[in-house]
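need a 3D model of the sequence below.
(one chain, ligands or ions: 1)
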Amino acid sequence: MFDQPILSYKLVCNGQDPLTNAFVTTRKPHTCTICEETIGAGERVRRETRRSADGEQIETRHVCRHCCEAIARHTVGDWGPISARYELAKKARAS
Ligand SMILES: [Zn+2]
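From the prediction side, this is the model:
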């Protein structure tokens, strides 16, 4: 898995660059910002921090391993997997 294309994928499109954007190993559970599934501790994930729209807070987003793989597919022109990951979150919210 190549890291750079995955880090380049925009999680938020507000025209601002993230403050930090890197792969990290989680120390505690998080929720994936794309599929909204739980990410366990000790998993290698993409972590991004950015200033909130009003500039008041620092927002942190994590992207799980499965969504990172889907992003990697997306970078080579295959939109199916990443769409499916967003669909998971939509379904979870609808139920
Ligand atoms: Zn995910």
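
Arg73: how many residues sit nearby?
By the measure other C-beta atoms under 10 Å, the count of residues near Arg73 is 14. Placement of C-beta: from N, CA and C, glycine included.

contact partners for it?
Gly80, Pro81, Ile82 (C-beta atoms under 8 Å, 6 or more residues apart in numbering).

surely Ile82 is in contact with Ala72?
No - assessed by C-beta atoms under 8 Å, Ile82 is found out of contact with Ala72, at 9.3 Å.

and the next helix or strand past the lowest-mean-pLDDT helix or strand in the chain?
Across the helices and strands of the chain, the lowest-confidence element by mean pLDDT, DSSP states H and E is helix 3-8, at a mean of 92. Downstream of helix 3-8, the first helix or strand assigned by DSSP states H and E is strand 20-25.

return the list of helices and strands in contact with that next one.
helix 3-8, strand 44-51 (3 or more C-beta pairs under 8 Å, 6 or more residues apart in numbering; DSSP states H and E).

so which residues on the chain come close to the ion?
Counting by C-beta under 5 Å from the ion, the positions of the chain adjacent to the ion are Cys32, Ile34, Cys35, Cys64, Cys67.

follow-up on the earlier one: most neighbours among the contacts of Arg73, which one is it?
Ile82 (20 neighbours).

for the record, mean pLDDT for the host helix or strand of it?
According to DSSP H and E, Ile82 maps onto helix 80-94. Averaged over helix 80-94, pLDDT sits at 96.

same deal with stretch 10-22?
Taken as a whole, stretch 10-22 carries a mean pLDDT of 90.

try stretch 25-38
For stretch 25-38, mean pLDDT is 98.

hang on, isn't Ile34 packed against Arg85?
Yes - using C-beta under 8 Å, Ile34 is in contact with Arg85, at 5.1 Å.

identify the contacts common to the two.
Counting by C-beta under 8 Å, 6+ apart, the common neighbours of Ile34 and Arg85 are Cys67, Ala70.

just to revisit the earlier point, can you put the contacts of Arg73 in TSV and add distance to Gln57?
Supplementary listing: those in TSV, determined by distance: C-beta to C-beta, whole Å:
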residue	distance to Gln57
Gly80	34
Pro81	31
Ile82	27
